[in-house]
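Trainee: take a look and give me a structure for this.
(chains A, B and C)
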Amino acid sequence: MPEGHTIHRLAADHRDRFLDRQVRATSPQGKFSDAAALLDGQSLDTADAHGKHLFLGFGPAGHVHIHLGLFGKLNFGDVPAPPPTDTVRLRLVGPTAYADLRGPTTCALITDAEKQAIHERLGPDPLRPVDGTTNDPDKAWQRISRSRSTVAALLMDQKVIAGVGNVYRAEVLFRHGIDPYRPGKDLAYDEWTAIWDDLVGLMREGVRHNRIDTVRPEHTPEAMGRPPRVDDHGGEVYVYRRANQSCHICGGEIRTADLAARNLFWCPDCQRGR
DNA sequence: GCCCAATGTCGAC
DNA sequence: TCGACCTTGGGCA
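Mentor: Here you go, the predicted structure:
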């Protein structure tokens, strides 16, 4: 159940195991068999991520475009690979390692032009290298500053900003004391740049540790004398999935609500208008 | 065994 | 705004 940091990590994991190595490609589940046959025997040229989209480049064969959706998973292991289960959409086997893809929303073989079109429809990604296009926060600001949609909805809109999911959305708004229901056009420019810079730092840490930690050092369980948080999403957070528990900072009750069919979490006392 | 939820997205109405 | 879709794991009988 991945946000952008997971996908960038997976791109690096593929580079570590398969870059410039020939792979065997199969689709035990069968839904990707034709494309897997085209990839079989090719070597991985590139692996990169934009938001929650993963691209594995195999030279003239094109790119495998993967989107894990809510349920998809990629698992790695060392060779020899065990017999695959029948839910494996794509298995890549290299000289030392294998990768199993299960349950993706998208797994398709695409051309350079199709890959480019995906980059163009996605907003800037805090984890992309600075290249003048896919990492330009002003592109997001152009949309946010003109929108009557709520900041909470805008942060989840991948055309506005790519890679932020429900956890980072809730946490970054808390860290900046912003009411999730504030309209984008009422956000100040300096608030936006602070959010973006914070996401760059938080998500880089997310790639490094492969989990989402957003609690500042002075609010960690050790610093506050609280028991460590136990939650299957795996990190230390202020509000995500903490409905009806007390805010680490003000002690008030964390609230939850549906926003665009997703669970929103926030502290109404800490997150108010300017 | 069944039911549900989950860090996501798309298309139909 | 809603259902469909892809899968796994936990709670409960």
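Trainee: strands along chain A, start to end?
Mentor: Assigned by DSSP state E, the strands in chain A fall at A:24-26, A:46-50, A:53-57, A:63-67, A:73-78, A:88-93, A:97-102, A:106-110, A:255-259, A:262-266.
Trainee: just the closest residue of chain A to DNA strand C, please.
Mentor: Closest contact between chain A and DNA strand C, by Cβ to the nearest atom of the strand, is at A:G103 (2.7 Å). Heads up, the C-betas are built off the backbone N, CA and C, glycines and all.
Trainee: and that residue, how far from A:G62?
Mentor: For A:G103, the distance to A:G62 equals 22 Å [Cβ to Cβ, to the nearest Å].
Trainee: look at the two and report which has more neighbours.
Mentor: Each of A:G103 and A:G62 has its neighbours counted (other Cβ atoms under 10 Å); A:G62 has more, 21 against 16.
Trainee: per-residue confidence at the residue of the stretch 51-200 of chain A found nearest DNA strand B?
Mentor: Closest approach between the stretch 51-200 of chain A and DNA strand B, counting by Cβ to the nearest atom of the strand: A:G165, at 2.3 Å. The model reports A:G165 with a pLDDT of 94.
Trainee: could you tell me the least trusted of the strands of chain A?
Mentor: Comparing mean pLDDT across the strands of chain A, the weakest is strand A:255-259, with a mean of 90.
Trainee: can you list the domains in chain A?
Mentor: A:4-121, A:137-266 (automatic domain parsing).
Trainee: mind telling me which of these the model trusts least?
Mentor: For the domains of chain A, the weakest mean pLDDT is recorded on domain A:137-266, namely a mean of 92.
Trainee: off-centre distance for that one?
Mentor: Distance, stretch centre to chain centre, for domain A:137-266: 13 Å (Cα atoms, centre = their mean, to the nearest Å).
Trainee: need the distance between the two termini of it.
Mentor: 24 Å (Cα to Cα, to the nearest Å).
Trainee: so which bits of the stretch 151-274 of chain A are right by DNA strand B?
Mentor: By Cβ under 7 Å from any atom of the strand, the residues of the stretch 151-274 of chain A that approach DNA strand B are A:156, A:158, A:165-167, A:212, A:232-234, A:241, A:261-263.
Trainee: need the max-distance pair from the residues you listed.
Mentor: Of all pairs drawn from those, the greatest distance, 24.7 Å, lies between A:Q158 and A:D232 (Cβ to Cβ).
Trainee: so who does A:A97 touch?
Mentor: Going by Cβ atoms under 8 Å, 6 or more residues apart in numbering, A:A97 touches A:17-18, A:76-79.
Trainee: just among these, which is most surrounded?
Mentor: Tallying neighbours with other Cβ under 10 Å puts A:F18 at the head of the contacts of A:A97, with 25 neighbours.
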